[in-house]
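J.: structure of the sequence below:
(2 chains)
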Amino acid sequence: MIKVQNLSKTFISHIKEPGLKGSIKALVKRETKVKEALKSVNLEIKRGEIIGLIGANGAGKTTLVKILSGIVHPTSGEATVLGFKPWERHNEYRKQMCLIMGQKAQVWWDLPALDSFLLLKEIYQIPDTIYKRNVEFLAETLMVKDHLRTQVRKLSLGERMKIELMAALLHQPSVIFMDEPTIGLDLSAQRAVRDFMKNYQREFKPITILTSHYMEDIKELCPRVVIIKEGEFVYDGALSKIQGMLGDEKCLSVTTKESTYKLNVPRSELASKTSEIFKANEVLDLNIHDPSIEDVIESIMKNGMKSK
Amino acid sequence: MNWWRHVVANELRKILAFRSDFWVTFLGQTIIQVLIARALWQSIFDANGTKVMEGFTLPMMTLYYIIVPVGNKILTGENVGFLAREIYDGSFNRYLIYPISFFQYKTLTYLTHSFFFALQLVLIYLLFNLFQPDGVTLTLLLNLLSGVAIFLVASYVFCMIAMSIELLSLWADNIWSLMVMARFFVYFFGGSYMPLNFFPDWAVSALQYTPFPYLVSLPIRTTMGLASSTEIQVGLVSLLVWSILFHLTARSLWSKGEYRYNGVGI
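T.: As a prediction, the model looks like this:
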């Protein structure tokens, strides 16, 4: 299981004024900026569970994944994954874990996938029979059998992502960290990756943390979500409960000559607000509906839990 | 440690993956550098009206400059930035995730490149000697093998020096200029630009306390059969001491610097 207690991470970065003057000044003296990427967060995930980590850019999702996968050290707090402190990088832990990064290739670009897989087989000490079975199973399920002998850099983005998935899952990890696995993929490739992960989760029951900006990924894969805002968890619970969180509100989608916008309005004020909108604008279209999951999450990410 | 074999095999596959680059590196660069050196030293010998300079005849000098470019490649293994670039763009993450030591992995890839260039040296050296009056003799083969072995040991030491410098990128993003400077010092004070015989005695004596002559001059002199057994023994001990020193430096830099690593790029 994964247990996180009061985990914090602070990054220090340098800032520079724009322009030549700023560049010259920075040669002598640089100013630093401290950013609290994670602020004392707590989390528990049980074996077989898959959670979706949602948040705006820079909210701290990837930082959490980096700490739990052992890439970076936390500033303070504790975390254990399968009983190991990730940043101590015990081989026993690393053999049971994988990190899939949508924006960063891990397989070797200049080599065909099968060459990378052979190296990974040795690195993870996968027995021959299991290796063969897993390559066969993964290649077939992800439909990449024909691409295993092509240099990875010559594959399309979607094909490359599937190869990345294969490489990460060859050793059948018990913990999977997926950071934006469907980023940049076309709709059918996104669906293929999602379907694959859904089946994989059902069959092998790993602990999985998924970060994604695509709500489809979250809705299809994650019964539980954690919403993170400026380094703090603002919601940790069932995805199904999120929709009810704005239960006393209705969503107005308004299209005027100038623009289209959405508005969450308390049910009691619905009539007066609608009439106000009609008076103030030349409305082309107006739609009243219950807030979608996306609306609720967007609202939480923008306003925190105060909005409910 | 079966993965070591696969890392080496993978690295060789990567080197051979680009055909034109392979041939340009293998033949083009070497031929051009040898021709330039031959023409330069020919004119120097002619201008001085002498047949021997600091113990070197023109054919010996030519051989020296045949060995130098390939020797430098053996020494410097992978390109500048083999570690710093990966730290800079975040590709370094993979070594932290895989259940292996990144030190061992990167040292192996570095030495694989060195080994590949060592094969080039063997080929070029044998080709050169085939056209010499004495041809390829057993002594020559033994000198060549000893020279290549010392080149590979020297390459390990330079790998540790390079790692120590490249790990500084955990503090300062760009260490390119430092690496270029390090290479320049090694080439200049090691004897790549001109044999150390041309340096004043006091400079040669002072250089004995640095790693430079053992990284370049010693393996070249051994390959050419000019180094005495004492010189080789002292050189090997020095290389061992320097390798331990730089290994410890690199390790200590990593143990401090890993707290600064941000895993950028994801």
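
J.: who are the packing partners of the helix or strand encompassing B:Val186?
T.: Using DSSP states H and E, B:Val186 sits within helix B:176-190. Under the contact criterion of 3 or more Cβ pairs under 8 Å, 6 or more residues apart in numbering or on different chains; DSSP states H and E, helix B:176-190 touches helix B:58-76, helix B:138-166, helix B:212-215. Quick note: C-beta positions are derived from backbone N, CA and C, even for glycine.

J.: can you give me the buried ones in the first one?
T.: Put plainly, it is helix B:58-76. If you call a residue buried by 16 or more other Cβ atoms under 10 Å in any protein chain shown, then helix B:58-76 has these buried ones: B:58, B:60-76.

J.: what do you get for the longest one?
T.: Within helix B:138-166, the residues that count as buried by 16+ other Cβ under 10 Å are B:140, B:143-144, B:146-166.

J.: packing partners of that helix?
T.: helix B:58-76, helix B:102-130, helix B:176-190, helix B:212-215, helix B:217-223, helix B:229-257.

J.: among these, which is the most enclosed?
T.: Of all the helices and strands packed on helix B:138-166, helix B:217-223 carries the top mean neighbour count, a mean of 27, counting by mean count of other Cβ atoms under 10 Å in any protein chain shown.

J.: which residues sit against it?
T.: Contacts with helix B:217-223, where a contact means Cβ atoms under 8 Å, 6 or more residues apart in numbering or on different chains, come from B:64, B:67-68, B:71, B:74, B:121, B:125, B:143-144, B:146-148, B:150-151, B:154, B:190-191, B:195-196, B:227, B:231-232, B:235.

J.: for it, what is the average pLDDT?
T.: Taken as a whole, helix B:217-223 has a mean pLDDT of 96.

J.: and stretch A:129-144, by the same measure?
T.: Taken as a whole, stretch A:129-144 has an average pLDDT of 90.

J.: kindly report the same for stretch B:127-134.
T.: For stretch B:127-134, the mean pLDDT works out to 83.

J.: can you give me the neighbour number for A:Ile123?
T.: 21 (other Cβ atoms under 10 Å in any protein chain shown).

J.: quick check: it touching B:Ser101?
T.: No - between A:Ile123 and B:Ser101 there is no contact under Cβ atoms under 8 Å: 11.0 Å.

J.: is A:Lys39 in a helix, a strand, or coil?
T.: Using DSSP: H, G, I helix; E, B strand; the rest coil, the structure places A:Lys39 in strand.

J.: I'd say A:Val225 and A:Ile242 touch.
T.: Yes - here A:Val225 reaches A:Ile242: they are 7.0 Å apart, a contact under Cβ under 8 Å.

J.: pull the contacting residues for residue 84.
T.: Defaulting to chain A. Going by Cβ under 8 Å, 6+ apart, A:Phe84 touches A:His90, A:Glu92, A:Tyr93.

J.: switch to chain B, please.
T.: Shown in contact with B:Ala84 (Cβ under 8 Å, 6+ apart): B:Glu166, B:Leu167, B:Leu168, B:Ser169, B:Asn174, B:Ile175, B:Trp176, B:Met179.

J.: which of the helices or strands spans the fifth one?
T.: Same thing as B:Asn174. Per DSSP H and E, there is no helix or strand for B:Asn174.

J.: tell me which helix or strand of chain A sits lowest on mean pLDDT?
T.: Between all helices and strands in chain A, the lowest mean by mean pLDDT, DSSP states H and E belongs to helix A:293-303, at a mean of 72.

J.: next up, phi/psi of the residue in the stretch 151-266 of chain B that chain A sits nearest to, please.
T.: Closest contact between the stretch 151-266 of chain B and chain A, by Cβ to the nearest Cβ, is at B:Gly263 (4.1 Å). With angles defined as degrees, to the nearest 10, B:Gly263 sits at phi 60, psi 50.

J.: next, count neighbours for the closest residue to it other than its chain neighbours.
T.: Nearest non-adjacent residue to B:Gly263, counting by Cβ to Cβ, 6 or more residues apart in numbering or on different chains: A:Ile71, 4.1 Å away. When counting by other Cβ under 10 Å, one arrives at 26 neighbours for A:Ile71.

J.: many thanks, I have nothing further to ask.
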